[in-house]
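**Q** have a look; sequence and predicted model below, questions after that.
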Amino acid sequence: MASAPYTILDAAAAPGRGKADGRKPGAAAPSPAKRLGLSDEDLLSLFRTMVRVRALDERGLMSQRQGRIGFYVPSTGEEGHQAGAAFALRPEDWCYPSYRVPGVAVHRGAPIHRMVANLFGNDHDFTRGRQMPNHYSFAEQRFVSISSPLGTQIPQAVGTARAMQIRGEKRVTAVWFGDGTTSEGDFHVGLNFAGVWKAPCVFICQNNHWAISVPLHQQTASESIAVKAQAYGFPGVRVDGNDVLAVYEVVRDAVERARSGGGPTLVEAVTFRMGPHSSSDDPTRYRPQEQVDEWKRRDPIERFRAFLLGGGHADGARLAAMEEEARAEVAEAFKAEEKVGPPPLESLFEDVFASMTPARKDESGAAFPL
Ligand SMILES: Cc1ncc(C[n+]2csc(CCOP(=O)(O)OP(=O)(O)O)c2C)c(N)n1
Ligand SMILES: [Mg+2]
């Protein structure tokens, strides 16, 4: 049996828990926010990221169903681990994302408009329509291009971490991937060399129990994902991925360890994707409804809302206003970006070389007059 994942939010809500810290029975638990050194403003910034991602998902899936965009990948139910991990990093750190962590880009300040531009593949899209929808990259946020082939980002992240280590930079790389991706060779190659080099890299596995229609138990015989780190000579930690504060604490510790030369950590964020794998998927064909209902009760936004209200960190009206603002912001971005035309045809030949090579010129001339 895999060990229970580390949790903060529910323990904070349940009186009488946490007596191991030496308190008298019935004494109030120390506020987790205080212990973690988080201000109300910090807590609200986490909530804001989570509701902005949820708003993107609502509008994104609806727009796909209406035929306005071709494809969408939701991460509904997984907003907590995205925000918590992003908050533990510094702006100068590097992020190698999977396709299911848009919240990392959002939290680091990626403009929602540019994310939506990518969904339309329009002229504002940083990748100029050459990537799949939801496959953003944001140079300013050090959020490296998402790539669909699973796991390719893992050795790349380790290589980046190794390069920073050789240069003596005190920067860290974080890399995200799903539970199914741990079956890829790239996962094992990446973790092995990160262990050998003590590379400043934090591996974050979003264990949402499914790789499209393949359940976790068909993916691995290990008792957990976290335990796999042992084979590579560094720690693995299992954390409740729907508990934003627990993920923050675990990733913060892993980042500190990496930054101070202690080497990598594998974080297994135990979570669940409440929606389909993508807009092309129908999960009712393979997933029992009871499992979905069970995880709906652990919705990371609702759990965090209960914590914020219970601890007096915010009132309900403020939180509702933040959700409303997020929906309005996303709706406005979709409306505006839908009107933007596609990138010009000749942009097909740009962005590969600094200036057009003779061969490219011949090629483009054969395609259309420039
Ligand atoms: C190398 C490779 N093999 C197969 C696929 C097809 N594929 C796309 S997503 C996916 C499931 C991945 O599951 P997981 O790693 O658990 O991430 P999740 O989608 O659950 O977040 C598969 C098999 C792919 N994109 N790349
Ligand atoms: Mg998965």
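**A** Here it is on my side, so go on. Ligands and ions are numbered 1, 2, ... in the order given.
**Q** can you give me the helices in this structure?
**A** Listed from the start of the chain, the chain has helices (DSSP state H) covering 9-13, 32-35, 40-65, 79-87, 102-107, 112-120, 153-167, 185-197, 244-259, 289-296, 300-310, 316-338, 358-367.
**Q** give me the nearest residue to Arg298, chain neighbours excluded.
**A** Asn242 (4.9 Å; Cβ to Cβ, 6 or more residues apart in numbering). Yep, even glycine has a C-beta here, placed from its N, CA and C like the rest.
**Q** and of the helices of the chain, who's closest to ligand 1?
**A** Among those, the nearest to ligand 1 by Cβ to the nearest ligand atom is helix 185-197 (8.4 Å).
**Q** give the other helices and strands that that closest one contacts.
**A** Using 3 or more Cβ pairs under 8 Å, 6 or more residues apart in numbering; DSSP states H and E as the contact test, the elements touching helix 185-197 are helix 153-167, strand 201-207.
**Q** partner strands of the last one and their direction?
**A** For strand 201-207, the paired strands and their directions (DSSP bridges) read strand 173-178 (parallel), strand 265-270 (parallel).
**Q** got the angle for the last one vs helix 79-87?
**A** Angular relation of strand 265-270 and helix 79-87 on a 0 to 180 degree scale: 160 degrees, by axes from the mean of the first three to the mean of the last three Cα atoms, to 10 degrees.
**Q** and for the first one?
**A** Computed by the same axes, to 10 degrees, the angle separating strand 173-178 from helix 79-87 equals 170 degrees.
**Q** what comes up buried for strand 173-178?
**A** For strand 173-178, burial by neighbour count (16 or more other Cβ atoms under 10 Å) applies to 173-178.
**Q** then stretch 158-174?
**A** 158-162, 164-165, 171-174.
**Q** likewise stretch 129-137?
**A** 129, 131-137.
**Q** residue contacts, the residue in the stretch 151-300 of the chain that ligand 2 sits nearest to?
**A** Nearest to ligand 2 in the stretch 151-300 of the chain, going by Cβ to the ion, is Gly178, at a distance of 3.6 Å. The contact partners of Gly178, by Cβ atoms under 8 Å, 6 or more residues apart in numbering, come to 98, 100, 150, 205-208, 211.
**Q** do that again at 7 Å, thanks
**A** Shown in contact with Gly178 (Cβ atoms under 7 Å, 6 or more residues apart in numbering): 98, 100, 206, 208, 211.
**Q** again with Leu150
**A** By Cβ under 7 Å, 6+ apart, the neighbours of Leu150 are 180-181, 184.
**Q** neighbours around Asp10, how many?
**A** By the criterion of other Cβ atoms under 10 Å, Asp10 has 16 neighbours.
**Q** with Gly312 instead?
**A** So Gly312, with other Cβ under 10 Å, has 9 neighbours.
**Q** also the one 5 residues further on?
**A** The burial metric for Ala317, expressed as a neighbour count using other Cβ under 10 Å, is 8.
**Q** with respect to ligand 2, which of the buried residues of stretch 129-137 is nearest?
**A** Scanning the buried residues of stretch 129-137 for proximity to ligand 2, where the rule is Cβ to the ion, the winner is Asn134, at 15.4 Å.
**Q** residues contacting the residue nearest to the closest one when sequence neighbours are not counted?
**A** Spatially, and ignoring its direct neighbours in sequence, Asn134 is nearest to Val73 (4.2 Å; Cβ to Cβ, 6+ apart). Applying Cβ under 7 Å, 6+ apart to Val73 gives the contacts 99-100, 134, 278.
**Q** and what of Ala33?
**A** With contacts defined as Cβ under 7 Å, 6+ apart, Ala33 is in contact with 43, 311, 313.
**Q** mind doing that once more with 6 Å?
**A** Leu43 (Cβ atoms under 6 Å, 6 or more residues apart in numbering).
**Q** for it, give its distance to ligand 2.
**A** 30 Å (Cβ to the ion, to the nearest Å).
**Q** then Arg114?
**A** 26 Å.
**Q** report pLDDT for the closest residue to that residue other than its chain neighbours.
**A** Spatial nearest neighbour of Arg114, chain neighbours left out: Phe126 (6.0 Å); criterion: Cβ to Cβ, 6+ apart. pLDDT for Phe126: 93.
**Q** how close does Phe126 get to ligand 2?
**A** Distance from Phe126 to ligand 2, by Cβ to the ion: 26 Å.
**Q** kindly report the same for Glu140.
**A** On the measure of Cβ to the ion, Glu140 and ligand 2 end up 29 Å apart.
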